[in-house]
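A.B. asks: no FASTA, just this:
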């Protein structure tokens, strides 16, 4: 079976897709991961074969950021999913993806849920398709509402029937590594859902370069792989504010910034604080007493898979707020902020939210129930079928 996996290509979008690609490779199937050419390094770093698609030019998407600053949080996220992911990304990648599908002739396409050109290609060429969720069903449902009208113009150009309500998107079989315990009961689930286990936590290994002469529980602070990017306003101000809030606590604070920014921009650090560009989650989470994160897919799932209680300070994307609410609803941590408090996605969290960070960490460290509930989520994840079982599901979709 030839399996074509499609993604926008940034680390947060590729990450949920990669385990399914590796499972197909391990089962002996032919695999290609198609993404914009600018993301080649991400795909190759994941150890996956790469097929480049057309790149979206900076001059096409950067002007959208100026609009986001003027929009409400809801409207800005609708613009991001509809105009950016649905219209601009699709226009940039659709021609090359159609050529790739015609030349390579995959038996099935597996897309991450914010990549949309593959939906059109699959329908136009009669190729079976599945999707891997980047978030909870609540995020999927809101995203479909935002993107369906934007895709209809492209559908018309290809001679495909209109889908203004997104029913065709909604009907694509849905694969996820999120446990049902995190889903919001206020939202319905996709018609076809297949849940799989998120990884398998490895035996703990010693953390490299421990803090000399310092003790206390380890608190891991990460805002993901792109938050420190030049195109966003969060570095160094947000990171410094979080360090100032948490540094006085009797903890060891490990901060990762992801992007190749200069840690020196953060200024002098307390003795109990270390800043790194990157530390593998599998290395640090077995040792962590709590994790402070922005509610991204990888950080949320990684923390919960290790039974680590989370303090979620969502920033700029709707899925981060949905994940924060889910963690709090499950009792596996605390949400530090919510959508109602944010005027727009490019605003830094206000002083009130930042002021809640240290008390929230103290509360989670001092109340064993948070870790018990996080471990309960980890237990629920461990009993799900392994991602390897998805290969059989995909084979059935391909044969359907």
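C.D. replies: Thanks, I have it. Computed from a predicted structure; not experimentally measured.
A.B. asks: what's the spatially closest residue to residue 32 that is not a sequence neighbour sitting at in phi/psi?
C.D. replies: Spatial nearest neighbour of residue 32, chain neighbours left out: residue 51 (4.6 Å); criterion: Cβ to Cβ, 6 or more residues apart in numbering. All C-beta atoms are positioned from the backbone trio N, CA, C, and that covers glycine. Here the main-chain torsion angles of residue 51 (degrees, to the nearest 10) amount to phi -120, psi 110.
A.B. asks: burial of residue 51, as a residue count?
C.D. replies: Counted with other Cβ atoms under 10 Å, residues neighbouring residue 51 total 19.
A.B. asks: ok, how many other residues are close to residue 70?
C.D. replies: 10.
A.B. asks: ah, wrong one, I meant residue 62
C.D. replies: Neighbour tally, residue 62, other Cβ under 10 Å: 10.
A.B. asks: Name the next helix or strand following the helix or strand encompassing it along the chain.
C.D. replies: According to DSSP states H and E, residue 62 maps onto helix 58-68. Downstream of helix 58-68, the next assigned helix or strand under DSSP H and E is helix 73-79.
A.B. asks: pLDDT (mean, whole number) over stretch 61-75?
C.D. replies: Mean pLDDT, computed over stretch 61-75, is 72.
A.B. asks: make that stretch 95-104, sorry
C.D. replies: The model assigns stretch 95-104 a mean pLDDT of 98.
A.B. asks: buried residues in that stretch?
C.D. replies: Using 16 or more other Cβ atoms under 10 Å as the test for burial, stretch 95-104 gives 96, 97, 98, 100, 101.
A.B. asks: For the fourth one, what are phi and psi?
C.D. replies: Note on residue 100: its backbone torsions stand at phi -60, psi -40 [degrees, to the nearest 10].
A.B. asks: cool, and residue 274?
C.D. replies: phi -120, psi 140.
A.B. asks: Can you report how many residues lie near it?
C.D. replies: Residues near residue 274, counting by other Cβ under 10 Å, number 19.
A.B. asks: Equivalent analysis for the one 5 residues further on, please.
C.D. replies: Applying other Cβ under 10 Å, we find 17 residues neighbouring residue 279.
A.B. asks: which residues does the residue lying closest to it once chain neighbours are set aside bridge with?
C.D. replies: Distances taken as Cβ to Cβ, 6+ apart put residue 256 closest to residue 279, at 5.5 Å, once the chain neighbours are dropped. Partner residues in beta bridges with residue 256, using DSSP bridges, are residue 222, residue 276.
A.B. asks: Return the closest of the buried residues of stretch 95-104 with respect to residue 150.
C.D. replies: residue 97 (16.9 Å; Cβ to Cβ).
A.B. asks: Assign the closest one to helix, strand or coil.
C.D. replies: helix (DSSP: H, G, I helix; E, B strand; the rest coil).
A.B. asks: what about it, distance to residue 262?
C.D. replies: 37 Å (Cβ to Cβ, to the nearest Å).
A.B. asks: related to what we said a few turns ago, residues in contact with the residue nearest to residue 279?
C.D. replies: Counting by Cβ atoms under 8 Å, 6 or more residues apart in numbering, residue 256 touches 220, 221, 222, 275, 276, 277, 278, 279.
A.B. asks: how close does the last one get to residue 207?
C.D. replies: In other words, residue 279. Taking Cβ to Cβ, one finds residue 279 at 8 Å from residue 207.
A.B. asks: likewise the fourth one?
C.D. replies: The gap separating residue 275 from residue 207 is 14 Å, by Cβ to Cβ.
A.B. asks: swap in the fifth one?
C.D. replies: As defined by Cβ to Cβ, residue 276 lies at a distance of 11 Å from residue 207.
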